Each structure stands twice: as structure tokens, then as C-alpha cells.
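J.: next comes the sequence, and after it the predicted model I'd like to discuss.
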Amino acid sequence: AAPPPPPDAATAARNLAALTVRAEGSDSGYDRDKFPHWSDQGGNCNTREVVLKRDGSNVKTGSNCSPTSGTWASPYDGATWTQASDVDIDHMVPLAEAWRSGASSWTTSRRQAFANDLSSSQLWAVTDNVNQAKGDKDPAEWTPPRGSFRCMYARSWIDVKHRYGLTVDSAEKSALGRLLGAC
């Protein structure tokens, strides 16, 4: 299981060409709390728990919706985990990156929708330390260690930036173009 798939490589290339290229804004005023995340999704479940159930195999949950067992395969590095605590839910386009790319002018409700978006390829269950290595870097600064996932990574990144009208800087756009070239 995985997030809804992004558009194919040809559509991603067209969407990449349509993105506005602009130098990244500053982190001034950024605070992770300005992107309320892990919102209530009903049935005692928050967004994180929904993604863990969606992206895992044989996931069992307690009455509070927290996973008690299951298996998660991280697309970023190919590692498999049996403890939900070893898995992070990654924002494909990190919250700080979104802030620097246009989200600083959004309303809190739009930032909340972005941070909890289950309808796009924005949220992924991945190995926690790999997600921490990614941090808020863009594809010019970091790509998944698993080469076979890089095409999906680029397509997903472009899809999220396109859906939300976020900008790309020139190095980011070049890196995304190179990644798409390998699709």
C-alpha cells in the first residue's frame, strides 16, 4: 500500500515546466506549529495513524487507533520494520520547504490541509532516521538512498508542488529534471 500515485513521468515533466522558478524565501516566521498536523480523521484515528494503516501490511490497531502490530516497508531505503515507532510519516515536500516556497502566505487552514493531505502523494511511511536525514531538504540537496524509488520521488514532489502552487528554485528544478530523466 502507498499514497495515491502521482501523475506519470510525462505529466510530471509538463507540471515541472509550469512551476514558477523563484529563489527560496527565508525561514523567517516559520514554525512547525503553523502547519497543524496529525489531525483527527475520525474513528479515533489521526492522520499519522491512517497513513500507518494505509502503508503497512497486516496492521492491527488498538481501540485508540494506534498500531499494535504490522509491517512497514520504507520506499526510501527498502528497509522493513515491525514497530510503528521505527516509522516516520514523511511530508514529501517538507513543511519548512513549503514555507520557503510560498506557504508562508497561506492561511492556517490551508497549511493544515497541506500537512494532512491524504488525497495526494504528500504523506509516506518511511524509516525514521532516513526521514531525519532528509530533514527539510529539497531534491537538489537530498534524494532517497534507494535508486529505484527516485523516479517516484520526483513525480510525487512535483505533484505536490504543482497541486499547491508552490515555487521551485533553479537547483531544485534542475535536480527534478535529472531525476525524471531516469524514469
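T.: Done, it's in.

J.: need the contact list for the residue nearest to the spatial centre of the chain.
T.: Centroid-nearest residue in the chain, with CA atoms, centre = their mean: Met92, separated by 1.7 Å. Neighbouring residues of Met92 by CB atoms under 8 Å, 6 or more residues apart in numbering: 121-124, 153, 156-157, 160. C-beta here means a position set from N, CA and C on the backbone, and glycine is covered the same way.

J.: tell me which of the residues you listed fall in strands.
T.: The strands, defined by DSSP state E, take in 123-124 from those.

J.: return the member of the contacts of Met92 nearest to Gly102.
T.: Nearest to Gly102 among those: Val160, at 12.0 Å, using CB to CB.

J.: tell me the contacts of the closest one?
T.: 92-93, 117, 120-122, 166.

J.: in the protein, which spans are helices?
T.: 9-18, 47-55, 95-100, 108-115, 128-134, 150-164, 170-181 (DSSP state H).

J.: including distance to Pro67, could these go into TSV?
T.: Output for the helices of the chain, formatted as TSV (distance: least, CB to CB, whole Å):
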stretch	distance to Pro67
helix 9-18	32
helix 47-55	5
helix 95-100	23
helix 108-115	20
helix 128-134	14
helix 150-164	23
helix 170-181	31
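
J.: picking up where we left off before, which two of the contacts of Val160 have the greatest separation?
T.: Farthest pair in those (CB to CB) is Ser121 and Leu166. Separation: 14.3 Å.

J.: thinking again about what came up before, adding mean pLDDT and distance to Gly25, write the helices of the chain out as CSV.
T.: As requested, the helices of the chain are exported to CSV (pLDDT from 0 to 100; distance: least, CB to CB, whole Å):
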stretch, mean pLDDT, distance to Gly25
helix 9-18, 98, 20
helix 47-55, 97, 26
helix 95-100, 98, 5
helix 108-115, 98, 14
helix 128-134, 97, 20
helix 150-164, 98, 14
helix 170-181, 97, 13
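
J.: go through the ones you listed and name the closest to Pro36.
T.: The nearest among the helices of the chain, by CB to CB, is helix 108-115 at 4.4 Å.

J.: that closest one vs helix 47-55, what angle?
T.: Helix 108-115 runs at 30 degrees relative to helix 47-55, counting by axes from the mean of the first three to the mean of the last three CA atoms, to 10 degrees.

J.: what helices and strands are in contact with helix 108-115?
T.: For helix 108-115, the elements it packs on are helix 95-100, judged by 3 or more CB pairs under 8 Å, 6 or more residues apart in numbering; DSSP states H and E.
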